[in-house]
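Novice: my questions concern the predicted model and sequence given below.
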Amino acid sequence: MRIDVFSIFPEYLAALDLSLIGKARQDGLLDVRVKDLREFTTDRHRTVDDTPYGGGAGMVMKPEPWAQALATALDPAPEGPARPTLIVPSPAGEVFTQKTAYELAGAGHLVFACGRYEGIDERVLEWAGEHFTVRPMSLGDYVLNGGEVAVLAMVEAIGRLVPGVVGNPESLVEESHSDGLLEYPVYTKPSQWRERPIPEVLLSGNHAKIARFRRDEQLRRTSERRPDLIAKLDPSTLDKADKAT
Ligand SMILES: Nc1c(O)cccc1[N+](=O)[O-]
């Protein structure tokens, strides 16, 4: 998978050189290219913003640097009909979820445009629609100063699902949101810590009982912390035993 990221703060994306994503880049599983938007300006001040038409506070990102930058993500031209997906982190975007991460993990080429200030001139997204599948995307309903933090989160969530990136694919199965529920609590040695024991069933060696305990904990946690997810559950994901809970 090729991933292009454009930002006026490319050093913000240095975290993509680390850990799992960093290793996937070294192994050639992810081809991540971070570029400074200011490389695509033409004036001596490397200007990327200007005042908003219609007035209002703040500045808006100029269209031409973005068009020049995004055009480099189209080189070499996509093979066949598949168009790169342009993700624009924005509070006005669709909500990014684990389902989105799985969907995008299957894409061949993702491009991320990190907006700053009051945002990117809307005509950039209109122009980009001729060359990309454009998807404004939000991590949640809160305000950030730019898209870089969101890109770090999305690239990690997507990248780890690309085959070969995570050593043991099994570890992807029982995670929060992988089955629509929150993950169960985990414990490790010592079995007694500051007068706190671990749930006894985990020492039983009875795999069926342990599985039941973990499933019950998932349902309990999800009901307590994210009742909205329970409402969304596909009834088929609840097996007979769950229904008996
Ligand atoms: N919420 C927000 C923002 O305020 C600015 C850029 C990106 C996001 N987001 O992805 O959630």
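Specialist: That came through fine.
Novice: what sits against K209?
Specialist: K209 makes contact with V201, according to CB atoms under 8 Å, 6 or more residues apart in numbering. Quick note: C-beta positions are derived from backbone N, CA and C, even for glycine.
Novice: again, but for D4
Specialist: Contacts of D4 (CB under 8 Å, 6+ apart): 33, 35, 72-73, 84, 109-112.
Novice: just the buried ones from those?
Specialist: Those of these that meet the buried threshold are 35, 73, 84, 109-112, by 16 or more other CB atoms under 10 Å.
Novice: show me what from the protein comes close to the ligand.
Specialist: The chain comes close to the ligand at residues 89-91, 138-140, 142-144, 147, 150, as judged by CB under 6 Å from any ligand atom.
Novice: counting neighbours, which of those comes out on top?
Specialist: Highest neighbour count within those: G147, with 28 neighbours (other CB atoms under 10 Å).
Novice: looking at the buried ones among the contacts of D4, which is nearest E175?
Specialist: Set against E175, the nearest of the buried ones among the contacts of D4 by CB to CB is L110 (21.1 Å).
Novice: what mean pLDDT does the helix or strand encompassing the closest one get?
Specialist: Using DSSP states H and E, L110 sits in strand 109-113. Throughout strand 109-113, pLDDT has a mean value of 98.
Novice: could you export that strand as PDB, CA atoms only?
Specialist: What follows is strand 109-113 as a C-alpha-only set of coordinates in PDB (Å, rounded to 0.1, in the frame of the first residue of the first chain):
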ATOM      1  CA  HIS A 109      -3.200   3.900  -2.600                       C
ATOM      2  CA  LEU A 110      -4.300   6.400   0.100                       C
ATOM      3  CA  VAL A 111      -3.500  10.100   0.100                       C
ATOM      4  CA  PHE A 112      -4.000  12.300   3.200                       C
ATOM      5  CA  ALA A 113      -4.300  16.100   3.000                       C
END
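Novice: what pairs with it, and is each one parallel or antiparallel?
Specialist: Counting by DSSP bridges, the strands paired with strand 109-113 are strand 2-7 (parallel), strand 85-95 (parallel).
Novice: for these, give me JSON lines that also has mean pLDDT and distance to S171.
Specialist: Listed next are these as JSON lines, based on pLDDT from 0 to 100; distance: least, CB to CB, whole Å:
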{"stretch": "strand 2-7", "mean pLDDT": "98", "distance to S171": "22"}
{"stretch": "strand 85-95", "mean pLDDT": "97", "distance to S171": "25"}
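Novice: buried deepest among the ones you listed, which one?
Specialist: Stretch with highest mean neighbour count among those: strand 2-7 (a mean of 22; mean count of other CB atoms under 10 Å).
Novice: C-terminal to that strand, what's the next element?
Specialist: Using DSSP H and E, the next helix or strand after strand 2-7 towards the C-terminus is helix 19-26.
Novice: where along the chain do the helices fall?
Specialist: Taking DSSP state H as the test, the helices found in the chain are 19-26, 63-72, 98-105, 122-128, 148-159, 207-225, 227-232, 240-244.
Novice: do you know which of the strands paired with strand 109-113 lies nearest H131?
Specialist: With CB to CB, the closest approach to H131 among the strands paired with strand 109-113 belongs to strand 85-95: 8.2 Å.
Novice: need the residues that contact the closest one.
Specialist: Residues outside strand 85-95 that contact it (CB under 8 Å, 6+ apart): 70, 73, 100, 104, 107, 109-115, 119-120, 125, 128, 132-144, 147, 150-151, 154.
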